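1. Got a predicted structure plus its sequence, pasted below:
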Amino acid sequence: MRLYIAFDASTVSRSAVAVNERRTPSTEIDPLVASSKREALFAASLWLAATIYTVGYCSLFGYQRAADDLKFVMGIPDWVFWGIVAPWTFCTIVSIWFAMRCMRDDPLGDDAATDPADADDDTDNYVADAATGSATAKESPNA
């Protein structure tokens, strides 16, 4: 069985132009995207620095050592403590600091405000009374 496909170059080029016109990027960068890129760059840089340090330190000080030269820090071999425990602790502290001080919770726009899960929620139809702690139904404007 053979399959033949008709190919018309003029149709393809016109549709490709139409797709490119729809996907033309704007020159303005969305602040949410810029913030996300900054946060991702920080995380990737921290990971890369920790990986280079950990692999480098452990390969230099963890192999080809005499047993008499082995020292312990809090019951852990010194090359494991300074090559793994210390940098992981440092990275955890830096990550927590970055999350608390530098990362923001940005609004996602109008689409995020209209959550489909809230569509059936009728809590907007009630008025809370702070004095009694009860809720009464709002009067309908059509009534």
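-> Here it is on my side, so go on.
2. longest helix in this structure, by residue count?
-> When the chain is parsed with DSSP state H, its longest helix is helix 31-61.
3. Report the next helix or strand after that helix in sequence order.
-> Using DSSP states H and E, the helix or strand that follows helix 31-61 towards the C-terminus is strand 72-73.
4. Please name every helix or strand in contact with that following strand.
-> Based on contacts counted as 3 or more C-beta pairs under 8 Å, 6 or more residues apart in numbering; DSSP states H and E, there is no element that strand 72-73 packs against. (C-beta placed from N, C-alpha, C; glycine too.)
5. Show me the strands paired with the helix or strand just after that strand, marking each as parallel or antiparallel.
-> With elements assigned by DSSP H and E, the helix or strand that comes after strand 72-73 is strand 76-77. Partners of strand 76-77 in the sheet, by DSSP bridges, are strand 72-73 (antiparallel).
6. quick check: mean pLDDT across the strand it pairs with?
-> Computed over strand 72-73, the mean pLDDT rounds to 90.
7. same thing with stretch 92-102?
-> If you average the pLDDT over stretch 92-102, you get 93.
8. hmm, back to that, which other helices and strands does the longest helix of the chain contact?
-> Here helix 31-61 touches helix 78-80, helix 86-101, going by 3+ C-beta pairs under 8 Å, 6+ apart.
9. Flag every buried residue along that helix.
-> Neighbour counts over helix 31-61 (16 or more other C-beta atoms under 10 Å) mark 50, 53-54, 57-58, 61 as buried.
10. Just give the nearest non-adjacent residue to Arg104, would you?
-> Once flanking residues are discounted, Arg104 sits nearest to Ser35: 6.3 Å by C-beta to C-beta, 6 or more residues apart in numbering.
11. Surely the one you found and Asp106 touch.
-> Yes - the criterion here is C-beta atoms under 8 Å, and Ser35 meets it with Asp106 at 6.2 Å.
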